[in-house]
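[1] sharing a model that was predicted from the sequence below.
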Amino acid sequence: MFNQTRGRGEPLLLLHGGFGTVEDFSNQTLELSKQLRVAAFERPGHGHTADNNEPFHFATMTQYAIDFIQELGIGPTNLLGWRDGAIVALLLPISRPDLVKRLVCVGGSLNPNSVPAQDQDWIRSGTPSPSEKANRIW
């Protein structure tokens, strides 16, 4: 999986949203890396990381984050998750509290009924083309 690390200090793992990339945090990474060791990776089917045959499920996404934390040896780490990344950040300490120090969750929801039906259908239809993504109004 594609990943980036920058800076030194206490670790911070950035978890991007659905259909996002590590670039989602580009405006924050430079400043954060002045005091923290900032790490981020792209889940399969996102950005620079090829898709795979794994099921698209939050348990799978959470396991990717666990594996990444262990691979870098940065646990316990701080987590900053945005949208789907926030859901992963909420789920991770349930199964592995030893890997998490603090959480910052932005725009995540563990309630599937909170997503409008039209958006659920769109998400299930697969990864949008770049033009579909650019024209989507959230």
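    Cool, got the structure. Numbering: from 1, shown residues only.

[2] any idea where the strands of this protein begin and end?
    Using DSSP state E, the strands of the chain run over 3-6, 10-15, 36-41, 77-82, 100-106.

[3] so which bits of the second one are buried?
    The reference is to strand 10-15. By 16 or more other CB atoms under 10 Å, the buried positions in strand 10-15 come out as 11-15. All C-beta atoms are positioned from the backbone trio N, CA, C, and that covers glycine.

[4] what pLDDT does the closest residue to V106 other than its chain neighbours get?
    In this structure, V106 finds its nearest non-sequential neighbour in W82, 4.9 Å apart by CB to CB, 6 or more residues apart in numbering. The model reports W82 with a pLDDT of 91.

[5] just N135 next, same as before
    Per-residue pLDDT puts N135 at 53.

[6] P44 too?
    71.

[7] do S114 as well
    For S114, the predicted pLDDT is 69.

[8] can I get the strands of the chain in TSV with distance to D67?
    As requested, the strands of the chain are exported to TSV (distance: least, CB to CB, whole Å):
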stretch	distance to D67
strand 3-6	11
strand 10-15	12
strand 36-41	9
strand 77-82	13
strand 100-106	15
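
[9] quick one: which of these is nearest D119?
    Closest of those to D119 is strand 77-82, at 16.5 Å (criterion: CB to CB).

[10] can you list the strands that the closest one pairs with?
    strand 10-15 (parallel), strand 100-106 (parallel) (DSSP bridges).

[11] out of those strands, which is closest to M61?
    strand 10-15 (8.5 Å).

[12] in the sheet, who's paired with the residue most central in space within the chain?
    Against the mean C-alpha coordinate of the chain, by CA atoms, centre = their mean, the closest residue is L15 at 2.6 Å. Bridge pairing for L15 (DSSP bridges) gives the partners G81.

[13] correct me if wrong: it contacts A65.
    Yes - with contact defined as CB atoms under 8 Å, L15 reaches A65; the gap is 6.4 Å.

[14] what touches both of these two?
    Taking CB atoms under 8 Å, 6 or more residues apart in numbering as the contact rule, L15 and A65 both touch 79, 88.

[15] that older thread, count the residues that sit near the residue nearest to V106.
    For W82, the count of nearby residues is 21 (other CB atoms under 10 Å).
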